[in-house]
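Undergrad: Pasting a predicted model and its sequence here:
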Amino acid sequence: MAKRKSLVEVGEGINIRSFIPRSKKLYDEEVVKKLMDEFGYKSIMAVPKLEKIVVNVGWGEAVSDPDSLDVVVDELTLMTGQKAVKTYAKKSISNFKIRKGLAIGAKVTLRKTLMYNFFDILVNIALPRTKDFNGVSTKGFDGRGNFSFSIKEQIVFPSIKYEMIKQVHGLDVTIVTTAKTDLEAYKLLKYLGFPFKEKD
């Protein structure tokens with residue numbers, strides 16, 4: 001039987017290493033100054049910045065169909081430009097037939113250029129393509145300057161072609177910043193163009 005080609009092999013990936021992402025340029029040229037003026041930081045080093053973005057997909061179907069998780073890994077790799085890794089159950093849950101060590105999801109941790117490029121795609125393409133999109137709720141801040149939210153369908157990402165996928169699924173995104181407060185993190189993301197709801 002012929003080996004299954006991965007979505008990464010047959011899909012249209014995005015070259016994310018050959019340019020300076022728009023959001024990185026915006027941060028350096030405009031956002032740093034805005035934050036320094038607003039919060040009175042004494043040094044550029046004190047200005048909050050994006051540290052990493054973690055993208056995670058939980059995949060309960062892997063319990064009955066382990067091979068289906070390979071497709072999710074491929075999709076996540078295409079969406080982010082970085083090879084995704086499988087995540088494993090830390091403990092057994094008998095009600096869901098999950099045993100410790102079972103692969104039940106996929107995850108990517110993005111930093112530097114890859115992180116900024118994903119942020120650009122997220123803000124300028126993926127989120128606006130979400131059905132009935134009217135902004136992201138601000139309720140996802142964790143009190144330590146980090147922000148988490150969910151996307152219902154992976155097909156909002158331009159690298160995912162509808163005819164390539166087997167099942168529509170969601171994903172969770174966590175944006176980790178160096179901000180010490182949620183207000184500082186909010187302003188950082190807002191100035192970078194993140195589409196928060198105006199009233200929440």
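TA: Cool, the structure landed. Numbers count the residues shown, from 1 in each chain.

Undergrad: so how many other residues sit close to Glu198?
TA: 8 (other C-beta atoms under 10 Å). Every residue, glycine included, has its C-beta placed from N, CA and C.

Undergrad: hang on, it is in a helix, isn't it?
TA: No. Going by DSSP: H, G, I helix; E, B strand; the rest coil, the assignment for Glu198 is coil, not a helix.

Undergrad: That one against Gly135, yeah?
TA: Yes. Counting by C-beta atoms under 8 Å, Gly135 is a contact partner of Glu198 at 6.6 Å.

Undergrad: I'd say Thr178 and Lys49 touch.
TA: Yes. If you go by C-beta under 8 Å, Thr178 and Lys49 touch, sitting 5.5 Å apart.

Undergrad: quick one: the helices in the chain?
TA: Using DSSP state H, the helices of the chain run over 7-10, 22-26, 32-39, 68-80, 112-121, 182-191.

Undergrad: Tabulate the ones you listed in JSON lines, adding columns for distance to Ile53, mean pLDDT and mean neighbour count.
TA: Below are the helices of the chain laid out as JSON lines (distance: least, C-beta to C-beta, whole Å; pLDDT from 0 to 100; neighbours: other C-beta atoms under 10 Å):
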{"stretch": "helix 7-10", "distance to Ile53": "19", "mean pLDDT": "44", "mean neighbour count": "15"}
{"stretch": "helix 22-26", "distance to Ile53": "11", "mean pLDDT": "96", "mean neighbour count": "18"}
{"stretch": "helix 32-39", "distance to Ile53": "19", "mean pLDDT": "96", "mean neighbour count": "15"}
{"stretch": "helix 68-80", "distance to Ile53": "8", "mean pLDDT": "86", "mean neighbour count": "22"}
{"stretch": "helix 112-121", "distance to Ile53": "5", "mean pLDDT": "96", "mean neighbour count": "21"}
{"stretch": "helix 182-191", "distance to Ile53": "11", "mean pLDDT": "97", "mean neighbour count": "19"}
